[in-house]
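K.L.:
quick check, what structure comes out for this input:
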Amino acid sequence: MSQNLRILIADDHLIVREGLRLILESEDGFELVGEAQDGYEAIRLAADLQPDVILMDLRMPNMDGLAAIQRLQQEQPHIPVVILTTYNEDDLIMRGLRAGARGYLLKDTDRQTLFNTIRAAVRGETLLKLEVMEKLLAQRPTTASPAPALTDIELSEREMEILTAAAQGERSKEIASALGISERTVKAHLASIYNKLGVDSRAAAVAVAGQKGLLKG
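P.N.:
Purely as a prediction, here's the structure:
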């Protein structure tokens, strides 16, 4: 990547924002373009600044990170969001992933993991190892509808092509170009895949498909 990756941080704690700023400014290839103190400000700055990635705290006043992620998925779905969290809270993180985040970082993570996660998010890659996602999926409330059994899942050839490409980190626009279809058609197929797998996000779809043996290699 030849140009700087433009980053927006959303966190209500000044010390966290300043700490991340210092770390990012010490590494070539990164540029902090904005700081938000709550979800409302994050949404506004995302629209104005069009960052390459957003680092989003989940616990913020006025509008929390979960609500902000949901809004961003509707209004700025091309901007990847990475969750920032103080604790390894499976349920809260899972809710963020189901809302559309591409991964998460603990606030005490090491520098290299931070840099690698940001770069991966911008490439459109799924950021969680399969075993981590499986653990998170297992924490879903028991009242939720159970995921379909493998024998109940029938994905079309086109859906499998799209799901495989998504698992490889390709964005909807890239998938559409490769398959010679519109981006809207790709998104429609993804919605069908989510429904069949009983999930709400691309990351969860990839994880469930891998868990059930639908993805090879």
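K.L.:
pairing partners for the helix or strand Tyr104 falls within, with directions?
P.N.:
When elements are assigned from DSSP states H and E, Tyr104 belongs to strand 103-106. With DSSP bridges as the test, strand 103-106 is paired with strand 81-85 (parallel).
K.L.:
using CSV, list the CA coordinates for the longest helix seen in the chain.
P.N.:
If you go by DSSP state H, the chain has its longest helix at helix 183-197. Included here for helix 183-197 are C-alpha records, laid out as CSV according to Å, rounded to 0.1, in the frame of the first residue of the first chain:
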residue,chain,number,x,y,z
GLU,A,183,-22.7,-5.1,-6.9
ARG,A,184,-26.4,-5.0,-6.0
THR,A,185,-26.8,-8.6,-7.2
VAL,A,186,-23.8,-9.6,-5.0
LYS,A,187,-25.4,-8.0,-2.0
ALA,A,188,-28.7,-9.7,-2.8
HIS,A,189,-26.9,-13.1,-2.9
LEU,A,190,-25.2,-12.3,0.4
ALA,A,191,-28.5,-11.5,2.0
SER,A,192,-29.8,-14.9,0.8
ILE,A,193,-26.7,-16.6,2.2
TYR,A,194,-27.1,-14.9,5.6
ASN,A,195,-30.7,-16.1,5.7
LYS,A,196,-29.8,-19.6,4.9
LEU,A,197,-27.0,-19.8,7.4
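K.L.:
which other residues reach that helix?
P.N.:
Contacts to helix 183-197, defined as Cβ atoms under 8 Å, 6 or more residues apart in numbering, come from residues 147-148, 153-155, 158-159, 162-163, 166, 172-173, 175-176, 179, 200-202, 204-205, 208-209. All C-beta atoms are positioned from the backbone trio N, CA, C, and that covers glycine.
K.L.:
after that helix, next one along is what?
P.N.:
Once the chain leaves helix 183-197, the next helix or strand it forms, by DSSP H and E, is helix 202-211.
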